[in-house]
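> coords below, sequence missing:
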């Protein structure tokens, strides 16, 4: 909507936009440019702050994941299969989403059955946590690192060290320990 407005230099048109009333097109351009600049700097500051907090390559996953349990594709497949088999009614949209996700994780799972996934998880828990009976402590590896390896098929120590920076740092000079752990895990791979 245009409004006529008188000014010292004559008559100029002011334009009403969703940002407000501007006396001239130049004022509107200046406002828009200022808004874009502020938005970019705020967004950049927010991203810099967030990137300092969250960095998966350094196992800084953020506060939301402090107490989270990392599932493998095979475990997600079991959960979704159970959900699809239940007679509970899902909306068509949710059913499509669950089915699509199930198809994806089922395609990329490395533990073929529920039993194999369960045994693999038990193996990992037994070999990554300190022994409560005073035996040898488990391997020093995080649940997130194991989940990445189990869901992407990284079962060779060299490949794990190459693709996961935190694993490379932890197992520098201790490659055999990682290889033994992954070798034991592959016993459950189908």
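Received, thanks. All figures in this text were calculated on a predicted structure; none of them were measured in a lab.

> remind me which residues of the chain are low pLDDT?
Applying pLDDT under 70 to the chain picks out residues 1-52, 56-57, 87, 130-136.

> mind listing the helices for it?
25-53, 73-85, 92-107, 114-128, 143-152, 157-163, 165-170, 175-185 (DSSP state H).

> So which of those helices is the most surrounded?
Each of the helices of the chain was scored by mean neighbour count; the highest is helix 143-152, a mean of 20, by mean count of other C-beta atoms under 10 Å. Bear in mind the C-beta positions are built from the backbone N, C-alpha and C, glycine included.

> Check which helices and strands that one is in contact with.
Under the contact definition 3 or more C-beta pairs under 8 Å, 6 or more residues apart in numbering; DSSP states H and E, helix 143-152 sits against helix 73-85, helix 114-128, helix 175-185.

> From the contact counts, what lies against the last one?
To tie it back to what came earlier, the one meant is helix 175-185. Using 3+ C-beta pairs under 8 Å, 6+ apart: helix 175-185 touches helix 114-128, helix 143-152, helix 157-163.

> which residues sit against it?
With contact meaning C-beta atoms under 8 Å, 6 or more residues apart in numbering, helix 175-185 is reached by 120, 123-124, 127, 139, 141, 149-150, 154-158, 160-161, 167, 171.

> Recalculate using a threshold of 6 Å.
For helix 175-185, the surrounding residues in contact (C-beta atoms under 6 Å, 6 or more residues apart in numbering) are 123, 139, 155, 157, 171.

> Then the longest one?
Outside of helix 114-128, the residues that reach it under the criterion C-beta under 6 Å, 6+ apart are 74, 75, 78, 111, 138, 139, 141, 146, 184, 188.

> if you set the cut-off to 8 Å instead, what comes out?
Applying C-beta under 8 Å, 6+ apart, the set of residues contacting helix 114-128 is 72, 74-75, 78, 109, 111, 138-139, 141, 143, 146, 150, 181, 184-185, 187-190.

> if we take the contacts of helix 175-185, which one ends up nearest to residue 65?
residue 139 (21.0 Å; C-beta to C-beta).

> re the thing from before, now the helices and strands packed on helix 175-185 as a markdown table including distance to residue 58?
Shown next, in a markdown table, are those (distance: least, C-beta to C-beta, whole Å):
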| stretch | distance to residue 58 |
| --- | --- |
| helix 114-128 | 19 |
| helix 143-152 | 11 |
| helix 157-163 | 14 |
